[in-house]
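Asker: just the structure for this:
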Amino acid sequence: MKNEILLIPDKADIERDNIAKIWEENGGEVKRIGKFWVKPEVGNKRVSIYGYDSFCLVLAQVLGIEMMMPKDEIIAILEKKHIKRNIEIVSFGDVGNINFPKFIKPATPKLFKAEIFTSKEVLAQKIDDIEATELLICSDVIRVEKEVRSFILNRKIQDLAFYEGVGDVNEARTFIEEFLETCDLELPKTFVLDIGFNEDDKWFVIEFNSSWGAGLNFCDPQKVIHCIREAAIN
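Answerer: Model prediction:
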């Protein structure tokens with residue numbers, strides 16, 4: 001990683017610090033950024049960014065870098081065998097036509113906190129001035145007994161680990177590999193895939209995340225560092 005620089009928030013964080021350590025051990029430079037809305041000096045080096053959403057997206061915009069990310073909406077068109085529940089995308093104006101309770105997530109990132117809502121009225125109370133045309137990802141509530149995070153590059157698992165519960169990680173690996181091999185939808189070159197498990201439904205996809213913004217959740221920084229690198233398109 002010579003002639004490459006990794007930008008991370010200046011606030012101490014164990015996971016980011018581990019990524020920074022591996023980055024430097026591989027010959028790269030690390031710069032810790034406080035004022036991420038101010039263009040940092042990076043010279044002619046290739047830039048990667050790792051941190052929370054607003055940090056990465058604002059800094060990328062300042063530097064003219066594109067950050068690779070999966071579309072949240074893609075989960076609504078996955079095969080039922082991979083999600084084990086009904087998921088649909090509806091506008092806020094039409095949300096009264098669905099059956100509550102639902103786990104609802106905004107299609108626009110960070111518009112509001114995703115959670116289980118019991119009615120349209122409860123949803124409206126927690127969201128200020130949402131437009132009727134705003135799209136929402138509405139999912140049936142499903143029990144989650146175990147959760148596994150995996151970092152993916154070129155449809156190959158770079159590392160995976162349980163972050164809730166315990167079990168045989170090879171069972172999770174088999175499910176993820178089957179999903180990656182059979183899913184005919186367009187997926188980013190790199191992303192983070194979270195899957196869940198319960199005794200009735202077995203394994204299922206929970207959500208997609210960006211490699212540049214997802215926490216390690218017990219994954220090995222040495223194994224996932226190239227996912228973080230590839231997530232920044234210079």
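Asker: how much space between Met69 and Lys223?
Answerer: Separation of Met69 from Lys223 (CB to CB, to the nearest Å): 21 Å. Any C-beta I mention is one placed from the backbone N, CA and C, and that applies to glycine too.
Asker: ok, residues contacting the helix or strand of the chain with the lowest mean pLDDT?
Answerer: The weakest-scoring helix or strand in the chain, judged by mean pLDDT, DSSP states H and E, is helix 120-126 (a mean of 85). Helix 120-126 is contacted from outside by 92, 95-96, 100, 104, 112-113, 117, 130, using CB atoms under 8 Å, 6 or more residues apart in numbering.
Asker: between these, which is closest to Glu79?
Answerer: Taking CB to CB as the measure, Glu79 lies nearest Ile104 of these, at 21.7 Å.
Asker: wait, that closest one touches Lys113, no?
Answerer: No - taking contacts as CB atoms under 8 Å, Ile104 lies outside contact range of Lys113: 9.9 Å.
Asker: of the two, who's got more company?
Answerer: A direct count of neighbours by other CB atoms under 10 Å for Ile104 and Lys113 places Ile104 higher, at 24 against 10.
Asker: if we can go back for a sec, Met69 and Lys223: which has the busier surroundings?
Answerer: Applying other CB under 10 Å to Met69 and Lys223 shows that Met69 carries more neighbours, namely 21 against 16.
Asker: could you find the closest non-adjacent residue to that one?
Answerer: Excluding the flanking residues, the one nearest Met69 by CB to CB, 6 or more residues apart in numbering is Ser210, at 4.2 Å.
Asker: still on that earlier bit, of the contacts of helix 120-126, keep whichever come out buried.
Answerer: Listed as buried from the contacts of helix 120-126 are 92, 95, 100, 104, 112, 117, 130; burial here means 16 or more other CB atoms under 10 Å.
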